[in-house]
Every structure is written in structure tokens, then in C-alpha cells.
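S.K.: no sequence on this one, just coordinates:
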């Protein structure tokens, strides 16, 4: 069974059209009314599609909280693949068969849309979204380990039951960091993630994601997950050549910086210039350490999960 989860908040004007556009091959559609003041859940039910089941929150839980509610119901009902689709009409439901194909073929555990694949789609994207998503894509690659994917905040996704059952749903971020957090959690279970090209439909809707809020909150969350990922992957679960490169490179860089700062401050206090020998002694470990960290990064890029969980398990 393939199910669709639609988190619904302030999409009463568009959600009926989204529901009716979902291909008939989809068995169930779970619309999660996230305490919407507009009654988005009622609007979805009024569409008259018998596949729709409205799940209601008494308080707003955010897009992540709403999606998690839909995930739990889909798992309980025996869904093999669960698609997450927004209710604002930006994501073309007709693309769902293409989105789920790698899951049904056993080639992936999680598939997501990529708005950056088609140059025409990139040209149609508002400039602020383009710049923000490009920067977020690189940061997310670094924090999650999925160097092979782009457009991490894209909410048009599909996940196989094998991976979904192993995600700690209760620990996923409830707000707009949800998609990035899912990628981090998927890496910890070594799930295979693939992109599917898509062309979004931009209307006059306003995104609920605040650029300023994201700039303030996302970096800290990415940094925390980056540190956890390195610890899990290269210290706890495995210890390999990249582990040595990370440890050795970090120690050498810190040593070189510490020596440089020490001799620089000492020269200021004594009123004497730092000798070229001391400059070289401080610079050498920094350069060697940086080379080791680059080598570790190259190893990490090649360490992207490649064997789908549904095959392994």
C-alpha cells in the first residue's frame, strides 16, 4: 500500500485541489489538520475523495509534528511506502509515481524532490529562495553526510517502511528543520537517499519559513548534528583511516594555532618581532592538519550509504 501524508495548516484554499490531483493508484491520503484556524481538514474532507482520512491536532505541532502523526497512522495501517506532500499546491501530485519508483524497485529507502535539477525550474525560483536553498544545501550535506543530494528543505518526499520503522519519530524536529533532521537520522541508520527532479509551482502563497529565523536557528542545529554524525560514524560505530585523519588533523591545527597565538602575544609583551623560525613552526602543523582534514572530507564524501536497507534487512 502507498499512502500520502499531507500536513495541513492554512491551506484551506488549495488542499482540495491537491487531494483530487493525487493519482488513483494511491490507497490512502492522511490529511493532518494541525490545529488550523482556517479548517484545512474540513476543506480536504469536503473534496469528496473516499481515500481521505482527516487526523486532527488540538494544538499546533508544526510541519514535523503533523507529518510524524501521519507517518504513525500509515505504519499502523500497513503502508509500504509513505509520501509526504504539502497542501499548498507547489508540489505536483502527478509526480508521485516517479517519486516512489526507486523505493518500489529496491534502489532507495528515501526519495526526495530536487528543484535544482532543471535550469528552467531554477530560473523560475524566487531569488531569495534560490540563494537560501543553495547555502542550506551545502550546510546540510556537511551535517548529514548525504553529499549526493541537493535541495534538502524540499518537503516532497517518499520513504519506505523499512527505513521509517527505524526512525526515532518522537525525536524528530517538529518545525521547519524537520526535513534536514530526517536526513541526519537516515544517515545514522545508513539508509540510501536519492533525488528526483521536479518543477515546483509557485503562486502567490507565502512561505511560513522565516529567513531570519532560519539564519539564527539552523546553524546551531546543523553544527550539533554534524558533531554527532562524526562521533557516531568515525568513533563509536567504526574507527578507520578517516578517524585517524580527523583526530590527527584537528590536533595539529589546534596545536599550530595555539603556538602561533602564544608566540604572537609573547612578541607583543616583550616588544620583539616573532622570528621566521617560530612562524614556520606554527604554520607547519596547521598546513599538515588541514591536509589531513581534507583527506578525511574526501573519505566522507565517498562514505555515502549505497546499499538500501530493504535489501540488507
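M.R.: Received, thanks. Here the structure is a predicted model, which is why all the values come from computation and not from measurement. Numbering: from 1, shown residues only.

S.K.: all helices of the chain, in order?
M.R.: In the chain, the helices defined using DSSP state H lie at 15-21, 40-45, 62-76, 96-104, 119-124, 127-144, 161-164, 178-188, 211-231, 241-270, 276-302, 309-312.

S.K.: quick one: average confidence on the third one?
M.R.: So the one you mean is helix 62-76. Average pLDDT, helix 62-76: 97.

S.K.: how near is the residue nearest to residue 255 when sequence neighbours are not counted to residue 277?
M.R.: Closest residue to residue 255 apart from its sequence neighbours, by Cβ to Cβ, 6 or more residues apart in numbering: residue 285 at 4.9 Å. To be clear about C-beta, it is placed using only N, CA and C from the backbone, and glycine gets the same treatment. From residue 285 over to residue 277 the distance is 14 Å, taken as Cβ to Cβ, to the nearest Å.

S.K.: and what of residue 152?
M.R.: 47 Å.

S.K.: tell me which of these two has more neighbours.
M.R.: Neighbours were tallied for residue 152 and for residue 277 using other Cβ atoms under 10 Å; the higher tally belongs to residue 152 (22 against 8).

S.K.: I figured that one was touching residue 134, is that so?
M.R.: No. Applying Cβ atoms under 8 Å as the test, residue 152 and residue 134 come out as separate, 10.7 Å apart.

S.K.: any weak-confidence spans in the chain?
M.R.: Scanning the chain for pLDDT under 70 picks out the ranges 121, 123-125, 202-215.

S.K.: run the last query once more with 80
M.R.: 118-133, 200-216, 274, 313 (pLDDT under 80).

S.K.: quick check: domain ranges of it?
M.R.: 2-216, 239-312 (automatic domain parsing).

S.K.: most tightly surrounded among those domains?
M.R.: Of the domains of the chain, the one with the most neighbours on average (mean count of other Cβ atoms under 10 Å) is domain 2-216, at a mean of 19.

S.K.: straight-line length of that domain, end to end?
M.R.: Domain 2-216 has its terminal residues 37 Å apart, counting by Cα to Cα, to the nearest Å.

S.K.: from the chain's centroid, how far away is it?
M.R.: 11 Å (Cα atoms, centre = their mean, to the nearest Å).

S.K.: quick check: residue 243 vs residue 290, distance?
M.R.: From residue 243 to residue 290 the distance is 17 Å (Cβ to Cβ).

S.K.: try residue 44
M.R.: 54 Å.

S.K.: ok, now residue 153?
M.R.: From residue 153 to residue 290 the distance is 30 Å (Cβ to Cβ).

S.K.: cool, and residue 56?
M.R.: For residue 56, the distance to residue 290 - Cβ to Cβ - is 54 Å.

S.K.: apart from its neighbours in sequence, what residue is nearest residue 200?
M.R.: Residue 200 sits nearest to residue 90 (Cβ to Cβ, 6+ apart), 4.9 Å away.

S.K.: what of residue 254?
M.R.: Closest to residue 254 by Cβ to Cβ, 6+ apart is residue 289, at 7.8 Å.

S.K.: over to residue 99?
M.R.: residue 158 (4.8 Å).

S.K.: okay but the one you found is in contact with residue 81, surely?
M.R.: Yes. Counting by Cβ under 8 Å, residue 158 touches residue 81, with 5.8 Å between them.

S.K.: what touches both of the two?
M.R.: Jointly contacting residue 158 and residue 81 under the rule Cβ atoms under 8 Å, 6 or more residues apart in numbering are 100, 103.

S.K.: which residues touch the nearest residue to residue 291 once chain neighbours are set aside?
M.R.: Sequence neighbours aside, residue 249 is the residue nearest to residue 291 in space, at 7.5 Å (criterion: Cβ to Cβ, 6+ apart). Contacts for residue 249 were tallied using Cβ under 8 Å, 6+ apart; they are 288, 289, 290, 291, 292, 293, 295, 296.

S.K.: which non-adjacent residue is nearest the first one?
M.R.: Just to be clear, that refers to residue 288. residue 252 (5.3 Å).

S.K.: what sits against the one you found?
M.R.: 285, 286, 288, 289, 292.

S.K.: how close does it sit to residue 235?
M.R.: 18 Å.

S.K.: next: residue 281.
M.R.: 30 Å.
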